[in-house]
Structures are given as structure tokens and as C-alpha cells.
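> Give me a model of this one.
(chains A and B)
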Amino acid sequence: MSLIDEKDQVRTEEMLLNVGPQHPSTHGVFRLVVKISGETIIDAEPVIGYLHRGTEKLAEDLQYTQIIPYTDRLDYLAAMLNNYALCHTVEEALGLEIPERAEYLRVIAMELNRIASHLLFIGTYLLDLGAMSPFLYVFAERERIIQLFNELCGARLTYNYMRIGGVKWDAPPGWLDKVRAFVPHMREQLKMYDDLITGNEIFLNRVRGIGVYDTETALAYGMSGINLRSTGFDWDLRRKKPYSIYDRFDFEIPVGKNGDCFDRYYLHLLEMRESLKIVEQALDQIPESGPVLGKVPKLIRVPAGEYYSGIEGARGELGFYIVSDGKDKPYRMKIRKPSFLNLQLLPKLLRGQNMANLIAILGAVDIVLGEVDA
Amino acid sequence: MWHWEANPLNGPAVLGMVIGGVVILILTLLVVMYSIYWQRKLIGWIQWRIGPNRVGPFGLLQTAADVIKLLIKEDVVPEKADRAMFLLAPIIAFVPAFTVLAAIPFSAHHVFTANISIGALFYVALSAITIHGVMLGAWASNNKYSLIGGMRSAAQLISYEIPLGLSIVGVVLMAGSINLNDIVEAQAKSGLWYVIPQILGFIVFMIASTAELSRTPFDLPEAESELVAGYHTEYSGFRFAFFMLTEYVYLFAMAGLFATLYLGGWSGPLLPGWLWFAIKAFLYISFQFWLQATMPRMRVDQLMSFSWKVLLPLALVNIVITAVVKAFV
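The predicted structure follows:
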């Protein structure tokens, strides 16, 4: 093989590079087959399914309450939100009344979980971009939230806390005070992250104007959550289709402008602030005592029909679509997985970029493989 | 003062060389061992962690334990690798790293190191050889990540060598000598460390040397989030240790060069020369670790354009200013 081709030029070759399934920045077992020329990406093809457990199929053989622990394993960084999304769909179908205290406990748990999930995004994203310290800082804060959850439901990641009609346990004595103490602390930490990261020129150069797409593209690809809001489209189900008791809280929906990686990073930071606001208000409003589990039949039979309800998950619209034939098990359950849908645009975004941007773009999509593969 | 070149190559001279080499090697290994320990401790503190504290008192033997671990690991050579080159590369990378230490004046007496009349040039010229080791190792590994890492290393090291060399020229002009010992003496005599008159060159030197050492924010060659481990992806055990050793010996050497060129080397009041040298080198090394804990990584194209479009003109401006001031003032 000659290194010089007919036109007297140095012969170059395209290279097929497997990023993953075991690669430090694919955040789980995700594989990306990239065709590169030098450091420029010509084509990219995501390969998923390494973590597929057939949750949807398994659900067909489970009673509704039994499905809840399976949802913990979807987006394992935001299990509370998954729990709630399923319970909410079933509750809607049954038309259940949820006790006040349970609703507040759910909101507090969900928003804390959203913060924990966003924290991890910021940590891993910065780690992908080469900054080591933020990763450890966010883990320290996330640990506090996880400790709170541990006290609440005895688990650090797979909570199995929500039940159809309420929550499994009331908050242990003093738990709400601990949450109250956590809020101002977290606020201070957020300010520190802002100072440390957002103003860093090297970081800005890595993420500004990278991975840009517009609202139409995002909508066409079914994107939701921060990936959609970063393009400037104001869409948050907590506001647009209020569920639970979100209409009682005063909070804002941060919206981006440019639809680039920086906006996606910054919205995560801003959303944590809003979540803290919600937690604070929920703590003020929560009834002193009361039942935490409504009147629910022993065996839950969802009336025959088709039901869908979506909530604003940590990564976008998280929905459960249940087809019931009137039995105690769903006939078919389909999960609208935001990570999976957000991932679809990736090949298009990566074409023409260089290798270093691959990491910046992939990281900003914020996928959790447990959810993508389900 | 000891001059190797003034002495005939007889028995005692060779013996002196061997003893000198061994002593420097031991000293260097100790410095590297405790730089790594200090790196882990300092970054640990910055990151709200404790750092190593299990092996030996205060974890002081942690690095020794790590080295032993690397030593007893299986020596893996990938089947499809170019075996000869794969084995040779770590040595090619390491030897110049160790050799440049000969030119660094650790103290006024220059006991174990050579007082080379072209010290600064010697450093820049020899350190460039390491690129060959890195490049060969990357290519011989027959791994795509290694290859990309190696290409990046080569591009980066070559690009940043130029501003680094040019920033040194400013100091050389001021001192009127390329001999590192003379540079220190010139600073001691004028009572002014070159960090002040050469502030522009100093900034260029700090940035370029960070890039030369492939440390954050210029640690692209081994950007683990993109390239797994860059050029040493396929290396394990002691060969991997050699690459790591190269990196830390260079850190020490660069710290020595920094102290010599800009902070007056071993000169300083009260304390003995070697201690002054150690303090100044320690400052540089700690600064590098601090950067590592704080900065994200630059992108490869930004890195290149920064070197050629920002650092190189700055270094040239520095030379012109120095020359003009030297000639007319």
C-alpha cells in the first residue's frame, strides 16, 4: 500500500471508531459507531439496547402495584418521578382522590429527586469536559438528598416510595425540618457552581454555539424537557398541563435562547433553583398530619380502556400509556421515555462536528441508559 | 564547580558520572513519588476529600504501593501491535525526560549535574525527543484511540514548544547567556528576579509549559472522556508506569526550569540554595495541581489556534521589547 495516491497527495482513510459500549463518557452501556476523517465526524450511529430488560412486556404480567419497583429501574437517577408517573396514570384511570399530605410529600420527593438528577448532570457533564472537581462537589450535595430519601423510604436509589393513591410511608419525625435546612444550603451551593463553572472561559468556549438545533427540529423529533426548552420554546407540563398540586406553587420555567449546549447546561442550573422554590413552598403548605394513602381497593382493576398521562420528568415528558381490558394487570403498557426520544437527534447533530464536540453534545442531551433501553 | 567537559574520560570520571546519575535518579524518583502524593492530597482537599491516608503514616507510602502494584502486573503486549516499537516507546519517552535534569542547577555547587554552557537550549532540544516516544507508542499500539491521542500529543507538543522556546529567549537576552547557572547568577547579581521584567514572557512560559506537560486545561492527549487514555491506552504494568514517570519527571524538570529562569533558581537570602530551589519548584508543581483541580479541558482546534495566534505573537513581542530595552536602556 502506498502512502501517496495517484494525484500525488498523501492518502487518507476514514476511520470507524467505536465509542462505547464501555467508554468513560457514554454514561452507561451506550455505543456510538462514528465514522471519522481525521477528527471530523462524518457519520454517527447510536447503538442501544445493552440494558434492555423488557420492562413494558414484564408489566403485562404484573399487578399495577407490582409495576412500581420496575419503574425505579428506568431512569435510575430520578426514580421518584418514574414512580409518580405510573401511579398518576393509574390514579387518573381510577379517578382516585389523593390525600393532601400525600400530595405534598410526593411533590417534595419529586422535586428533590429532580435536583439530585440535575446535579448529577452538571457533575458528569463537567467531568466529560475535563473538569474533575465539580463532579465531586455535586456528589457531596446529592449524597445529602439521597440520605434524606433513605430516611424517607429506606432506599438510596430504587425508592419504590409512591403507591397508587398516595405514598407508602409518612415522613419520619423531623424529616421535613431536615429538608427545610437543606434548601438554603443547596441554594448557596448552586451559587458556587454558578461562580465556578458558568464564568469559566474555557468551558464557555467548549459549549457555546455547539450542538445547536431549533424549536421545529426539536418538536419534529419529539424532544421534550430541557432539550426542548433550550431552543426557547416554553413547554413544561407542570405549568402547561398541571398535575398533582403544581398549580398551587409559584415558580418559573426557565427557557433558553440559542438551543446550544450552554443553554442546556444553564437550564439545569436554573431549574434546580425553581425546584428549591417549590420544595420551600410545599414545606410551608403541607398539612401537619393526615393520611398518606387514600382509599384504594385491595386489588386494583383499571376499567377497560386506554389511558395516558405524562409528567415533567427530569429529562422531559415522562408518560405511561396503559391499555386495560378490565383486569388487574395491564393488557399493554407503553412508556414514553424522554431520554430515548431526545437521543434520536444525536446522529444529525454530530455530523460534521469534531471528536471533542461529540462529548460536549452527547453529554448535554442528558441520557440515562436505564431509560433509553428500558 | 565541576565541569564534565574539562575532565578527561578516565576511570574516576566515569565513576563520578555513574554515581551522579544514580543519585539523581533516586532523588528524582523520590520527588516524583511525593509529587504524586502531594497531587492526590492537594486535589483531594480541593474536592472535599481526604486523599490517600491508608498506606503508611498519612498515606505517605501510597505511591510506593501503587508502583509495586504496577510492577507485579502482567505485562501485556497487544497481539496486533508492532512489538519492537511498542516495547521501545516508553524508553524513548523516558530517557530525555531524565536527561534534561542534568542541565538544571539544583544548587550553586552543581555537585551532581552538568554545568552545560548551552543549558537552556539543551533542555528544549532534548525534551522534544519525548514526542517520538509518545508518537511511536501510540502508533505501535494499533489502537484507534491511541493513534488519535498520539497525533494530538505530537501536534500539541510541537506547537507549544515554539512559544516555550521563544519565551526562554527573552530571559536569555536579559542574562546574556544560555547557561542556566549564569542566568541564576545574573538574577542574583541584579537582585531582581526575571519574573518582573519578563512578565510577558513569564505568562507565555506558564501557559506553554502547562501545555508541554499536557496538564489541565491542555490535557487533551489523554482526554479520558474522549480518548479513554490517549496514547497509553494499550499500555499496562511497568510500561505504563514509565509513561507516567516521564510525565512527572518532566513536571519536576519544568518546575526546575521555571525556578531557574524566572525566580532566581537557588539564589535567595538565609536559606541554603537547594532549599530555595525546592521551594520555588514546589510552588510551580502546586500551581499545576491547582489548575488540574479547577479547569475544564480545551478543545483541540482552540488549543492549536491559541498557540499559533496568541502565544506565538506574544512571545515574539516579548523578545522585541527585551531586545530593544537591552540595546538602548
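> and A:Gly54, how many neighbours?
The number of residues packed near A:Gly54 is 11, by other Cβ atoms under 10 Å in any protein chain shown. C-beta here means a position set from N, CA and C on the backbone, and glycine is covered the same way.
> oh, I was asking about A:Thr215
16.
> what's the distance between it and chain B?
Relative to chain B, A:Thr215 is positioned 27 Å away (Cβ to the nearest Cβ, to the nearest Å).
> Just to check, that residue is in contact with A:Gly232?
Yes. Applying Cβ atoms under 8 Å as the test, A:Thr215 and A:Gly232 come out as touching, 6.3 Å apart.
> and for these two, which residues touch both?
Common contacts of A:Thr215 and A:Gly232 (Cβ atoms under 8 Å, 6 or more residues apart in numbering or on different chains): A:Gly259.
> what residue ranges in the chain score low on pLDDT?
Answering for chain A, as no chain was given. For chain A, the stretches with pLDDT under 70 are A:1-8, A:24-26.
> Sorry, I should have been clearer: chain B.
Low-confidence segments of chain B, defined by pLDDT under 70: B:1-8, B:110-113, B:222-229.
> Near chain A, which residues of it? Just list them.
Contacts of chain B with chain A, taken as Cβ under 8 Å from any Cβ of the partner chain, map to B:43, B:46-49, B:144-145, B:148, B:216-217, B:219-220, B:223-226, B:228, B:292-302.
> For whichever strand or helix holds B:Phe94, list every residue counted as buried.
Assigned by DSSP states H and E, B:Phe94 belongs to helix B:83-99. Residues B:86, B:88-90, B:92-99 are the ones in helix B:83-99 that count as buried (16 or more other Cβ atoms under 10 Å in any protein chain shown).
> next one: stretch A:252-271
Neighbour count says stretch A:252-271 has A:253-256, A:259-271 buried, by 16+ other Cβ under 10 Å.
> B:Val310: what's it in contact with?
Neighbours of B:Val310 in contact, by Cβ under 8 Å, 6+ apart: none.
> Same list (the buried residues of helix B:83-99) but as CSV, adding distance to A:Ala85.
Formatted as CSV, the buried residues of helix B:83-99 follow (distance: Cβ to Cβ, whole Å):
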residue, distance to A:Ala85
B:Phe86, 52
B:Leu88, 58
B:Ala89, 53
B:Pro90, 53
B:Ile92, 58
B:Ala93, 54
B:Phe94, 56
B:Val95, 61
B:Pro96, 60
B:Ala97, 57
B:Phe98, 61
B:Thr99, 64
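> Give me the nearest residue to the closest residue to chain B within the stretch 151-300 of chain A, chain neighbours excluded.
Distance from chain B to each residue of the stretch 151-300 of chain A (Cβ to the nearest Cβ) is smallest for A:Phe203, at 4.8 Å. Nearest non-adjacent residue to A:Phe203, counting by Cβ to Cβ, 6 or more residues apart in numbering or on different chains: B:Pro296, 4.8 Å away.
> Is that neighbour part of a helix or strand, or is it coil?
In three-state terms, and counting by DSSP: H, G, I helix; E, B strand; the rest coil, B:Pro296 is coil.
> same question, A:Arg180
Classified using three-state DSSP, A:Arg180 is helix.
> and it, what is it in contact with?
So A:Arg180 contacts A:280, A:283 (Cβ under 8 Å, 6+ apart).
> counting contacts, what elements does the host helix or strand of B:Val14 pack onto?
Element membership for B:Val14 (DSSP H and E) is helix B:11-46. Other helices and strands packing on helix B:11-46, by 3 or more Cβ pairs under 8 Å, 6 or more residues apart in numbering or on different chains; DSSP states H and E, are helix B:62-71, helix B:83-99, helix B:237-262, helix B:273-294.
> still on that earlier bit, if I've got this straight, the residue of the stretch 151-300 of chain A closest to chain B is in a strand?
No. Using three-state DSSP, the assignment for A:Phe203 is helix, not a strand.
> Number of residues surrounding the residue of the stretch 51-200 of chain B found nearest chain A?
As assessed by Cβ to the nearest Cβ, chain A sits closest to B:Lys144 within the stretch 51-200 of chain B, at 5.2 Å. The number of residues packed around B:Lys144, counting by other Cβ under 10 Å, is 16.
> elements contacting the helix holding B:Phe94?
helix B:11-46, helix B:119-127, helix B:130-140, helix B:237-262.
> Which residues outside the third one are in contact with it?
What it means is helix B:130-140. Contacts for helix B:130-140 (Cβ under 8 Å, 6+ apart): B:81-83, B:85-86, B:88-94, B:96-97, B:146-147, B:149-151, B:153-154, B:157-158, B:221, B:230-232, B:235, B:243, B:246, B:250.
> again, only this time at 7 Å
Applying Cβ atoms under 7 Å, 6 or more residues apart in numbering or on different chains, the contact partners of helix B:130-140 are B:81-82, B:85-86, B:88-90, B:92-93, B:96-97, B:146-147, B:149-150, B:153-154, B:157-158, B:231-232, B:235, B:246.
> Just say helix, strand or coil for A:Gly232.
The assignment at A:Gly232 comes out as coil when based on three-state DSSP.
> Is it in contact with A:Pro254, as I believe?
No. Using Cβ atoms under 7 Å, A:Gly232 makes no contact with A:Pro254, being 11.1 Å away.
> Contacts only, for the residue of chain B found nearest chain A.
Nearest to chain A, among the residues of chain B, is B:Arg297, at 2.6 Å (Cβ to the nearest Cβ). Residues near B:Arg297 by Cβ under 7 Å, 6+ apart: A:129-130, B:216-217, B:219-220, B:223.
> quick one: secondary structure of the one residue in chain A that gets nearest to chain B?
As assessed by Cβ to the nearest Cβ, chain B sits closest to A:Gly130 within chain A, at 2.6 Å. Assigned by three-state DSSP, the conformation of A:Gly130 is coil.
> isn't it right next to B:Pro296, touching?
Yes. Using Cβ under 7 Å, A:Gly130 is in contact with B:Pro296, at 4.6 Å.
> who touches both of the two?
Counting by Cβ under 7 Å, 6+ apart, the residues touching both A:Gly130 and B:Pro296 are B:Pro217.
> ok, and the closest non-adjacent residue to the spatially most central residue of chain B?
In chain B, the centroid-proximal residue (Cα atoms, centre = their mean) is B:Tyr250; its distance is 2.4 Å. Closest residue to B:Tyr250 apart from its sequence neighbours, by Cβ to Cβ, 6+ apart: B:Ala97 at 5.1 Å.
> List the contacts of the one you found.
B:130, B:246, B:249-250, B:253.
> In TSV: those, plus distance to A:Asn83.
TSV is the format used below for the contacts of B:Ala97 (distance: Cβ to Cβ, whole Å):
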residue	distance to A:Asn83
B:Thr130	55
B:Thr246	52
B:Val249	54
B:Tyr250	53
B:Ala253	57
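> Roughly how far does A:Asn200 sit from A:Phe262?
Going from A:Asn200 to A:Phe262 by Cβ to Cβ, to the nearest Å gives 11 Å.
> typed the wrong thing, it's A:Met333
When distance is defined by Cβ to Cβ, A:Met333 is 37 Å away from A:Phe262.
> Let me see the contact set for residue 280.
Picking chain A for this. Neighbours of A:Glu280 in contact, by Cβ under 7 Å, 6+ apart: A:Val183.
> look at chain B instead
Contacts of B:Lys280 by Cβ under 7 Å, 6+ apart are B:259, B:263.
> quick one: which helix or strand includes A:Lys35?
For A:Lys35, the host element (DSSP H and E) is strand A:31-37.
> Tell me which strands that strand pairs with, and in which orientation.
Sheet pairing of strand A:31-37 (DSSP bridges) gives strand A:15-19 (antiparallel), strand A:40-47 (antiparallel).
> A:Leu136: which of these is closest?
strand A:15-19 (24.7 Å; Cβ to Cβ).
> Export the closest one to PDB, keeping only CA atoms.
The C-alpha trace of strand A:15-19 is given here as PDB (Å, rounded to 0.1, in the frame of the first residue of the first chain):
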ATOM      1  CA  MET A  15     -11.800   5.500  10.300                       C
ATOM      2  CA  LEU A  16     -14.600   3.700  12.000                       C
ATOM      3  CA  LEU A  17     -14.400   4.300  15.700                       C
ATOM      4  CA  ASN A  18     -16.500   2.500  18.400                       C
ATOM      5  CA  VAL A  19     -17.300   4.900  21.200                       C
END
